[in-house]
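A.B. asks: the sequence and its predicted three-dimensional model are supplied below.
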Amino acid sequence: MRPSNRSGPGALTDAVYARIRDAIVSAELRPNVRLVESELAVRLDVSRTPVREALLRLEQEGFVRRERGWVVRENEPGEVRSRLECRVAIEGYAARLASQRRDERQLASLRELASAMLEGDREPGRLHALNDAFHGLILEASGNGTLAALHAQTKMNYWDLSVPVVFSAEADRLVDEQHAALLAAIADRDAGEAERVARAHVQGTLDIVLRELTARYPGFSA
């Protein structure tokens, strides 16, 4: 899909940046894969200039590195911890704001996503995409573009580490319960409860990831 450039070169670079970043965090572009500017330009149907500008921005944010060309950067365990710690605060406050600012359309979409996660195929990739959309909509409903930008900088695919993080059936059930509680708090406009549940939700993921990293990476301490 070609990013739109109707708003000028800056908007085109932003769109290219978002497309490449999303491909990295979704593991469409995996760690240590080489990124060739000309190939990305063809793939996105743009010139090399916005691709180069997007890669420079992604380098600053730690998504790519330069090693005789561009390479998707693999997160170190400590970076995974730092990003998830940031998300505890970001998603918690975003949920607080969303409970006060959401509209009925957003609430209906959140309900549809929550239902979809409980139904049909429980394949991890599908659930991850639905979960990402659910939390992304809460960021949208918060009405705070700065929070959304900070959240984008903390995104990563922690399932794509050199050792994968596996969630148990019990952990998956807890996630479902937390999604339901978070949705209820946002529907009731209960700001305190929405923030509490969102923080506990991300903290639970952080705890699971840290246990795996501590067990599998020598020298890493939570």
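C.D. replies: All right, it came through fine.

A.B. asks: what sits against the nearest residue to residue 94 once chain neighbours are set aside?
C.D. replies: Of all residues not flanking residue 94 in the chain, residue 142 sits nearest, at 4.2 Å (Cβ to Cβ, 6 or more residues apart in numbering). For glycine as for every other residue, the C-beta is placed from the backbone atoms N, C-alpha and C. The contact partners of residue 142, taken as Cβ atoms under 8 Å, 6 or more residues apart in numbering, are 93, 94, 95, 97, 98, 101, 148.

A.B. asks: closest to residue 177 among the residues you listed?
C.D. replies: Lowest distance from residue 177 to the contacts of residue 142 (Cβ to Cβ) belongs to residue 95, with 15.5 Å.

A.B. asks: after the helix or strand harbouring the closest one comes which helix or strand?
C.D. replies: Following DSSP states H and E, the helix or strand that holds residue 95 is helix 77-101. Using DSSP H and E, the helix or strand that follows helix 77-101 towards the C-terminus is helix 104-118.

A.B. asks: gap between that next one and the chain center?
C.D. replies: 18 Å (Cα atoms, centre = their mean, to the nearest Å).

A.B. asks: the helix holding residue 95 vs helix 104-118, what angle?
C.D. replies: Per axes from the mean of the first three to the mean of the last three Cα atoms, to 10 degrees, the angle that helix 77-101 makes with helix 104-118 is 130 degrees.

A.B. asks: which parts of helix 77-101 are buried?
C.D. replies: Within helix 77-101, the residues scored as buried using 16 or more other Cβ atoms under 10 Å are 77, 80-81, 83-84, 87-99.

A.B. asks: about what we covered before: how about the contacts of residue 142 in CSV, adding pLDDT and distance to residue 46?
C.D. replies: Putting the contacts of residue 142 into CSV (pLDDT from 0 to 100; distance: Cβ to Cβ, whole Å) gives the following:
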residue, pLDDT, distance to residue 46
93, 98, 35
94, 98, 31
95, 98, 35
97, 98, 34
98, 98, 33
101, 98, 34
148, 90, 24
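
A.B. asks: just put these in a markdown table and tack on distance to residue 134.
C.D. replies: As requested, the contacts of residue 142 are arranged in a markdown table below (distance: Cβ to Cβ, whole Å):
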| residue | distance to residue 134 |
| --- | --- |
| 93 | 17 |
| 94 | 12 |
| 95 | 11 |
| 97 | 16 |
| 98 | 11 |
| 101 | 17 |
| 148 | 14 |
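
A.B. asks: closest to residue 45 out of those?
C.D. replies: Using Cβ to Cβ, residue 148 is the member of the contacts of residue 142 that lies nearest residue 45, at 26.1 Å.

A.B. asks: rewinding a little: what packs against the helix holding residue 95?
C.D. replies: Under the contact criterion of 3 or more Cβ pairs under 8 Å, 6 or more residues apart in numbering; DSSP states H and E, helix 77-101 touches helix 124-142, helix 145-154, helix 169-187, helix 191-216.

A.B. asks: residue 174 reaches residue 207, doesn't it?
C.D. replies: No: between residue 174 and residue 207 there is no contact under Cβ atoms under 8 Å: 11.0 Å.

A.B. asks: and the two? which has more neighbours close in?
C.D. replies: The residue with more neighbours, out of residue 174 and residue 207, is residue 174; 16 against 12, by other Cβ atoms under 10 Å.

A.B. asks: could you find the closest non-adjacent residue to the more buried one?
C.D. replies: Nearest non-adjacent residue to residue 174, counting by Cβ to Cβ, 6+ apart: residue 204, 6.5 Å away.
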